[in-house]
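S.K.: One predicted model, sequence on top.
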Amino acid sequence: MAGEEAGSKLVRLVSFLGAGVICTAAINMWRDLERKSVQQTTQAPEKASNLVNKALDS
């Protein structure tokens, strides 16, 4: 009985740790996606202004 109880506790612990790792990875991926999205939106006006400056210089 004690061996089965310890085994089930170990399985629950490993499952909990695995879920934590998966959630942490998902959160980091989400943050990267958000960061890349913000970078792209801030770079778009810069590219447009560079094109305007090039057109004016020509």
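M.R.: Done, it's in.

S.K.: For stretch 20-33, give the mean pLDDT please.
M.R.: Here stretch 20-33 scores 97 as its mean pLDDT.

S.K.: centre of the chain versus that stretch, how much separation?
M.R.: On the basis of Cα atoms, centre = their mean, to the nearest Å, stretch 20-33 sits 5 Å off its chain's mean C-alpha point.

S.K.: same thing with stretch 32-49?
M.R.: 17 Å.

S.K.: What residues sit buried inside it?
M.R.: Within stretch 32-49, no residue counts as buried by 16 or more other Cβ atoms under 10 Å. Glycine gets a C-beta too; all of them are placed from N, C-alpha and C.

S.K.: mind exporting it as CSV, just the C-alpha atoms?
M.R.: Extracted in CSV, the C-alpha atoms of stretch 32-49 (Å, rounded to 0.1, in the frame of the first residue of the first chain):
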residue,chain,number,x,y,z
ASP,A,32,8.0,36.8,-28.0
LEU,A,33,5.0,37.1,-30.4
GLU,A,34,3.8,40.3,-28.7
ARG,A,35,7.3,41.8,-28.8
LYS,A,36,7.7,41.0,-32.5
SER,A,37,4.3,42.5,-33.2
VAL,A,38,5.2,45.7,-31.4
GLN,A,39,8.5,45.9,-33.2
GLN,A,40,6.9,45.5,-36.6
THR,A,41,4.3,48.2,-35.9
THR,A,42,7.0,50.6,-34.8
GLN,A,43,9.2,49.9,-37.8
ALA,A,44,6.5,50.5,-40.3
PRO,A,45,6.4,54.3,-39.8
GLU,A,46,10.2,54.4,-39.9
LYS,A,47,10.3,52.6,-43.2
ALA,A,48,7.6,55.0,-44.6
SER,A,49,9.6,58.0,-43.4
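
S.K.: Where does residue 41 fall, secondary structure wise?
M.R.: helix 2-57 (DSSP states H and E).

S.K.: Residue 38 and residue 22, how far apart?
M.R.: 25 Å (Cβ to Cβ, to the nearest Å).
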